[in-house]
Every structure is written in structure tokens, then in C-alpha cells.
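[1] just the structure for this:
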Amino acid sequence: MDTQSSQKMTRYRWTICGMLFLATTINYMDRQVLSLTWKDFIAPDFHWTDADYGNIAAIFGLVYAVANLFSGRFMDWIGVKKGYIWAIAIWSVGACMHALCGLATMWHLGLGSMEQMIAATGDVALAISTVSAWCFIVSRVVLGIGESGNFPAAIKVTAEYFPKKDRAFATSIFNSGSTIGALVAPLSIPLLARYFKNQGIGGGWEMAFIIIGALGFIWLGLWLFVYKRPEQNPHVNAAELAYIQHDADEAAQSEQTSGEDSEKNIPLSRFVRLPQTWAIFLAKLVTDGVWWFFLFWTPAYISDVYKLPSDNPVAIMLIFVLYAITMLSILGGKLPTIIINRTGQNAYDARLKAMLVFAVLPLFTLFAQPLGTLSYWFPIVLIGIAGAAHQSWSANLFSVASDLFPKKAVGTMTGINGLAGGVSSYIINKVSGNLFDYAAETNMHFLGFEGKPAGYFIIFCYCALAYMLGWCCLKVLVPRYKPVKEA
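    Residues are numbered from 1 along each chain as shown. Here you go, the predicted model:
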């Protein structure tokens, strides 16, 4: 009997997947510290208005979007082990830098203490708000540059450690870290800030940034010992390596080499000419903003429509249930594997079938606003289902890049994917804010609703239809499996 066939396969690839999950969870927690502390802890110290926070958040979104393009290229160039180290080190430094913004503001303005800064009025208070906002912007820029490397690196690692039929499932697992981060952050970060403020350690928020930021350095230390390429990893035996590399097209491409430095990059100009690039970019552009809309605006929706403030126990439970439902996306990542095993189709065609299912589920969001007149639980459950469908869709869309592009190009393509997602997030949140203000000021009417509820209904309609539009972009531009050749 062949030794390889009789050998029990190791499962070290799932350890790697677990590391990607932890990195994504930390990634989302780091970016949420500011949103969960600014209103009650930071704004009183620095005399911030909503506009100050809005400017900081907007610049972070733009930096993150643009940096995604270059971070993907960076991962393809330097390799994922070093690239991930650079990414998480930069974003963890950026997270901790926020804690120094108070000291930097006092030093720049020549103020002697935090109490003096809090008590300031008039032009001094304006100067404090302006200088502190710029200090936070610098910190957010560093954070955004570092965080942009997470998904390009994670997708590239997934392409290295999983065969194509399993990549969407692995991606859905590590991508669920975004949901876990969204669940854990509001339950931990405000409590940390309140505890340290009560202990008299600054405003409390500083230690929240430092503690959450330090998690990234702990992960970095683990990554140094855990990660090696599959063919070089002593924890991956021959049976598991054969399973990882069993795709015939991967063997034909001879992508498994003894070192990453021998891989040549595909010119960025070539990506622009490929229909595969535009299919993925447009599918991401029209859909990714939906997730960010739900993430940023659902608390406001609950407050505006049902008059439940974010610290109300019912509102907290509604948000928790919503993100708990989105965890069903882990099952969605398994659907392409089931289709492949039952039909024998290639990964891309099976993925398109699965993504059509995920594109249909958000259509139920059309009923969120009408059923919401009966109970606030109806829209929450429907939004949760749409969120789960989005995460399943997103995991498969990330994997489409590894279906259609050689491994050496996956990081760059994922960066392009991230650019589209960042632009999508900026557009939908900018449009939503202006629409809701306009709806409230004009008492706008739409399909039986008026005022802000009418504005929310319009955005819900877009969210419901976005995925069918994104699926059509994929199907029209790349109707059947057509991998990109290296030359």
C-alpha cells in the first residue's frame, strides 16, 4: 500500500485558518474602539462635534480603500509571512497611537493638564478640537494602512493552505471574525474605558486603545512560530500536503516553490484589461456597502424608528441577535463544496450557483420596513439574514479571485477587491446620511412611509437588490470558468 495513501492526514490548515480568524477579529475590534468611545469619553475631553468625528471616520474610510490596492500588491511582493507581520504591526501601532492624542494636543497647545483642556472655552476649545482631531486623523491613517493588509494576506494564505473547493468555507470561517469583533467590541470596550476612568487613569479611553491594540502584538508573536508555507511546514504531513495541492490546475501552474522570492508579479496594468478583474471589482462595488450600512446605521435605525437609544437593554439585545444571526454565514461558505462534491463542477461554476442563492436571500429585506410596523424584531431578523447572506457572498467573492487568478496575483486582486469595498462603503454611508437628513427635513413620502422611515426604506430596497446586480456583473463578464494565464 502506498505510504501517502495509508498515512492519516494532519489538519494543520485549520490551525492556520484559526489564526486568520483571530487576526480578523482583532482587526475589527481595533477599528471600533473609536466609534464606541468617542461620544461619551473622548468628545468631552476635546470639545468635539459630530462633524469632527465624521471627518475622522471619512478619512479613515478613504485611506483604507486606497491602501487596499497597494497592500495586495505588497503581499504578492514580500510574501504573506513577512507581509502579515508588517500589516498587524503597523495597525497595532496605529491603534495604540490614539492613546497619545491627548498628550500630543496638550504639548502642541502648551496646556498643562487634561483638566485645563476640558475646562477650556471659546477659541481655545476650538483649537483643542481642531488639533486633537488631526492627531486622531494621523492615528487613523496609520491604522487604516495597516488594517488594509489583513484581507489580502488572509486570502493569499487561504489560497496556499486550502484546495479550491474548500476555500470559500475557510474564508467564511476567518471572515466571521468581523462578526465576532462586532459582537465582542460593544460588550468589552466601553466597559474597559469606564473601568479605567473610574480608576483615575486618564479619560479611560486611552487604556481601551492600548489594551485592544496590544492584542495585535500577541498575535504577531504567535504568527512567527505558527506559519510556514505548507510544503515547508513540519506540522503538515504528506497526506495533507497532497490534499492541499490536489487541484490539477495548481499543479500545472507549478505554483508550489521552495521560496516566494522566485515568483514574479503580474503587471498591474494587465489587471485593468482583464474582464475577470472588472467582474470581481463591480460585484464588490455594488454589494459591500450593504454590510457597512447595516454595521453603521442599524443602531441609528433602531433609535430613529423605534425610539430605542443605543444603551437601552432592548436595543443592545436587538444588535446582539442581529450579529448572532449573521454567524450562519459559516454554513454558507460550505455550499460551494457541497455543489462540487455532488455535481463535479469546477470551483467557479459551483461558486456562481451558491452565490445566486446568497443573492436571493437579501430580497427579503424589502419586507423589513413594512413588517417593522408590527414588531421591531421582524426587521432585525431580516437584516440578520441579509447580513449572513452578505458574509457568505463576500467569502465566495474573495475566493473567486483565487479561482480565476494565479496564486502570485491573489494578493493584488484581493487588494483591488478591498478598494472596491472601501469606495462602496464611503458612497452608501455618504448617500444615506444626506438622504436621511433630507427625508426628515422635507417629511419625504415613499411607499406609505414618511420622514426618516421613508429614507430607510429606500436604502433597504437598494440593499435587497444589490446582490442580484452584483451576480449579474459576474455572470455577464465571466459567464464560464476562464482562469487568467500567467503570461
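
[2] every contact and neighbour count from this point should use C-alpha atoms.
    Noted.

[3] OK, contacts around the spatially most central residue of the chain?
    By Cα atoms, centre = their mean, the mean C-alpha position of the chain lies nearest to residue 178, the distance being 5.9 Å. Contacts for residue 178 were tallied using Cα atoms under 8 Å, 6 or more residues apart in numbering; they are 24, 25, 27, 28.

[4] what separates it from residue 169, distance-wise?
    To residue 169, residue 178 is 15 Å away according to Cα to Cα, to the nearest Å.

[5] likewise residue 148?
    Residue 148 sits at a distance of 22 Å from residue 169 (criterion: Cα to Cα).

[6] of those two, which one has the most company?
    Between residue 148 and residue 169, residue 148 has the larger neighbour count (other Cα atoms under 10 Å), namely 28 against 25.

[7] what's the local residue count around the closest residue to the more buried one other than its chain neighbours?
    Closest residue to residue 148 apart from its sequence neighbours, by Cα to Cα, 6 or more residues apart in numbering: residue 68 at 4.9 Å. Residue 68 is flanked by 32 other residues according to other Cα under 10 Å.

[8] how about residue 313?
    10.

[9] show me where pLDDT drops low in the stretch 301-450 of the chain?
    Low-confidence segments of the stretch 301-450 of the chain, defined by pLDDT under 70: 309-312, 330, 333, 411.

[10] now the strands for it?
    445-446, 449-450 (DSSP state E, counting those that start in this stretch).

[11] can you pull the contacts of the nearest residue to residue 226 once chain neighbours are set aside?
    The shortest distance from residue 226 to any non-neighbouring residue, by Cα to Cα, 6+ apart, is to residue 16 (7.5 Å). Residues in contact with residue 16 (Cα under 8 Å, 6+ apart) are 161, 226, 227.

[12] show me what contacts the first one?
    It refers to residue 161. Applying Cα under 8 Å, 6+ apart, we find residue 161 in contact with 13, 16, 230, 244.

[13] mind doing that once more with 10 Å?
    By Cα atoms under 10 Å, 6 or more residues apart in numbering, the contact list for residue 161 reads 12-14, 16-17, 155, 167, 170, 229-231, 236, 240-241, 243-245.

[14] what about residue 399, how many residues nearby?
    By other Cα under 10 Å, the residues close to residue 399 number 30.

[15] could you measure from it over to residue 64?
    From residue 399 to residue 64 the distance is 21 Å (Cα to Cα).

[16] and what of residue 420?
    11 Å.

[17] try residue 167
    From residue 167 across to residue 64, the span is 25 Å (Cα to Cα).

[18] and for residue 58?
    10 Å.

[19] got the domain ranges for the chain?
    Taking automatic domain parsing as the domain assignment, the ranges for the chain are 11-258, 271-479.

[20] pretty sure residue 62 is touching residue 418, no?
    No - here residue 62 lies out of contact with residue 418, judged by Cα atoms under 10 Å, at a distance of 11.2 Å.

[21] for these two, work out which one has more neighbours and name it.
    Higher neighbour count among residue 62 and residue 418: residue 418, with 29 against 17, using other Cα under 10 Å.

[22] which residues touch the more buried one?
    Counting by Cα under 10 Å, 6+ apart, residue 418 has contacts 64-69, 71-72, 148-149, 151-152, 281, 284-285, 288, 398, 412, 424.

[23] what strand or helix carries the residue nearest to the centre of the chain?
    helix 177-198 (DSSP states H and E).

[24] what is the helix or strand following that helix packed up against?
    Sequence order places helix 205-226 as the next helix or strand after helix 177-198, per DSSP H and E. Counting contacts by 3 or more Cα pairs under 10 Å, 6 or more residues apart in numbering; DSSP states H and E, helix 205-226 packs against helix 12-37, helix 80-97, helix 177-198.

[25] tell me which of those helices sits nearest to residue 471.
    When the helices and strands packed on helix 205-226 are ranked by proximity to residue 471, the top entry is helix 177-198, at 22.9 Å, counting by Cα to Cα.

[26] what mean pLDDT does that closest one have?
    Summarised as a single mean, pLDDT over helix 177-198 is 83.

[27] could I get the CA-only coordinates of it as CSV?
    Output in CSV follows, covering the C-alpha atoms of helix 177-198 (Å, rounded to 0.1, in the frame of the first residue of the first chain):
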residue,chain,number,x,y,z
GLY,A,177,-14.1,37.2,12.8
SER,A,178,-15.6,40.5,11.6
THR,A,179,-18.9,39.5,13.1
ILE,A,180,-17.3,38.3,16.3
GLY,A,181,-15.4,41.5,16.5
ALA,A,182,-18.7,43.4,16.1
LEU,A,183,-20.2,41.3,18.9
VAL,A,184,-17.3,41.5,21.4
ALA,A,185,-16.4,45.1,20.9
PRO,A,186,-19.5,46.8,22.3
LEU,A,187,-19.5,44.3,25.2
SER,A,188,-15.9,45.0,26.2
ILE,A,189,-14.6,48.3,25.0
PRO,A,190,-17.0,50.7,26.8
LEU,A,191,-16.5,48.7,30.0
LEU,A,192,-12.8,49.0,29.7
ALA,A,193,-13.0,52.7,29.2
ARG,A,194,-15.4,53.1,32.1
TYR,A,195,-13.3,51.0,34.5
PHE,A,196,-10.0,52.9,33.8
LYS,A,197,-11.8,56.2,34.0
ASN,A,198,-13.2,55.3,37.4
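
[28] ok, the closest residue to residue 197 other than its chain neighbours - contacts?
    Nearest non-adjacent residue to residue 197, counting by Cα to Cα, 6+ apart: residue 204, 3.9 Å away. Each residue near residue 204 by Cα under 10 Å, 6+ apart is listed here: 37, 41-42, 99, 190-198.

[29] among these, who's most crowded?
    Counting neighbours by other Cα under 10 Å, the top entry in the contacts of residue 204 is residue 193, with 25 neighbours.

[30] ok, it to residue 97 distance?
    From residue 193 over to residue 97 the distance is 16 Å, taken as Cα to Cα.
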